[in-house]
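S.K.: Turn this into a model:
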Amino acid sequence: MVTGVSEIQNGVPGTITFLSNPIYKKHLLKTTADAIFVDDAKLLNGKNGIVVSNPQLAMAKMLKSFSNKETAYPSIDSTAIISSNAKIGKDVIIRSGVVIGDKVSIGDRTEIGDNTVIGDNTLLGSDCILYSNISIYDRVNIGNNVIVHSGTSIGSDGFGYILDGERHVKIPQTGDVVIGNDVEIGSNCSIDRATIGSTIIGDMTKIDNLVHIAHNVKIGKGCLLTAGFAIAGSSEIGDHCVFAGQVGVAPHLKIGRDSIFASKAGITKSLEGGKTYAGFPAREIKEHNRKQALINSIDKIREDLKKLMDNKI
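M.R.: You can find the predicted model right below:
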């Protein structure tokens, strides 16, 4: 009988674990978990297990089965402030201190956490989870099955100013934000509305904590944006791109689909898809590694040159 899950290096009797990354293979024989997900039966070496093509995916599904999250029942807290002309779907949960503006539409089975504010004329789909202390500005369109974590702001003004003499004049931000289906947005992110038109986040894109998306940016489907990622105004990202931590994108650029960017890459020009990039400015990772190796060898080259010069003298 399996009653939970555990890490392979910290196995617990009565649980199931998994082996996906080879660096954890050393824990395989010593783990005290009762069963292991593996992708090759030979790895089990007499232990109980389940052979699957993707052990990490199997574990993800198992974790969902053993989730300890308590079932919440549809309710609207008495302290919530809801406009009389807002449209609230079936089986919705609205917790304490929530504010819902005029002409807001909320789909069925959506949950809104404490002290979250939803501005006028916003559309929020079905089966969404908005955690506590989220700010959704006016005229934001959010699809179905979207998760937004605490502290995030969606629809704030883009950073737009024009110089008039010595004075920075604010450019009115009159556009909106459109977020597709099955998107997850981490905590303390900021997604700006468009100056004109829409800032767009495509279906199935997953956004980590502390990410900034500027006005008029367009993010494709199925992208992964990890912590510290920032993208400047009007840049466009193709489908299924991956950005490691602290990657920065300059304004008005286009990044092709299926691109991968290593941590702290600085993207200063448009780049074609299907390649892996690194460095500042970002270049194909093989070229970046060659240049880095050359830089690392400068001290030795300098020493060798000094020896040659000393011998000549």
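S.K.: count of residues packed around Ser96?
M.R.: Neighbours of Ser96 under the rule other C-beta atoms under 10 Å: 12. C-beta here means a position set from N, CA and C on the backbone, and glycine is covered the same way.
S.K.: hang on, I meant Gly202
M.R.: Neighbour tally, Gly202, other C-beta under 10 Å: 22.
S.K.: What separation is found between the N-terminal and C-terminal residues of stretch 29-39?
M.R.: Terminal residues of stretch 29-39 lie 16 Å apart, using C-alpha to C-alpha, to the nearest Å.
S.K.: mind listing what's buried in that stretch?
M.R.: Thr31, Ala33, Asp34, Ala35, Ile36, Phe37, Val38 (16 or more other C-beta atoms under 10 Å).
S.K.: can you pull up the bridge partners for the last one?
M.R.: When bridges are called by DSSP bridges, Val38 pairs up with Val51.
S.K.: got the contact list for it?
M.R.: Contacts here follow C-beta atoms under 8 Å, 6 or more residues apart in numbering; on that basis Val38 touches Phe18, Leu19, Leu44, Gly49, Ile50, Val51, Val52, Pro55.
S.K.: How many residues are close by the first one?
M.R.: Look at Phe18: counted by other C-beta under 10 Å, it has 27 neighbours.
S.K.: From the contacts of Val38, list just the buried residues.
M.R.: For the contacts of Val38, buried by 16+ other C-beta under 10 Å: Phe18, Leu19, Leu44, Gly49, Pro55.
S.K.: Give me the mean pLDDT for stretch 204-217.
M.R.: Averaging pLDDT along stretch 204-217 gives 98.
S.K.: Also stretch 27-45?
M.R.: On average, stretch 27-45 scores 92.
S.K.: For that stretch, measure first residue to last.
M.R.: Calculated as C-alpha to C-alpha, the first-to-last residue distance of stretch 27-45 is 13 Å.
S.K.: can you check stretch 101-121 too?
M.R.: 7 Å.
S.K.: likewise stretch 265-280?
M.R.: End to end - C-alpha to C-alpha - stretch 265-280 spans 5 Å.
S.K.: In that stretch, which residues are buried?
M.R.: Ala265, Gly266, Ile267, Leu271, Gly273, Tyr277, Ala278, Gly279.
S.K.: picking that back up, present the buried residues of stretch 29-39 as CSV; the columns should include distance to Met59 and secondary structure.
M.R.: Shown next, in CSV, are those (distance: C-beta to C-beta, whole Å; DSSP: H, G, I helix; E, B strand; the rest coil):
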residue, distance to Met59, secondary structure
Thr31, 14, coil
Ala33, 11, coil
Asp34, 14, coil
Ala35, 11, strand
Ile36, 10, strand
Phe37, 6, strand
Val38, 11, strand
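S.K.: And those residues, which is closest to Gln246?
M.R.: Proximity of the buried residues of stretch 29-39 to Gln246 (C-beta to C-beta) peaks at Phe37, which lies at 32.4 Å.
S.K.: list the contacts for that closest one?
M.R.: Contacts here follow C-beta under 8 Å, 6+ apart; on that basis Phe37 touches Ile16, Thr17, Phe18, Leu19, Gly49, Ile50, Val52, Pro55, Ala58, Met59, Met62.
S.K.: Closest to Arg283 out of those residues?
M.R.: Within the contacts of Phe37, the smallest distance to Arg283 is 34.7 Å, found for Pro55 (C-beta to C-beta).
S.K.: how near is that closest one to Val38?
M.R.: Pro55 sits 6 Å away from Val38 when distances are taken as C-beta to C-beta, to the nearest Å.
S.K.: Now for the two: what residues contact both?
M.R.: Common neighbours of Pro55 and Val38 (criterion: C-beta under 8 Å, 6+ apart): Phe18, Leu19.
S.K.: Do a quick rundown of the helices in the protein.
M.R.: Assigned by DSSP state H, the helices in the chain fall at 55-65, 285-296, 298-312.
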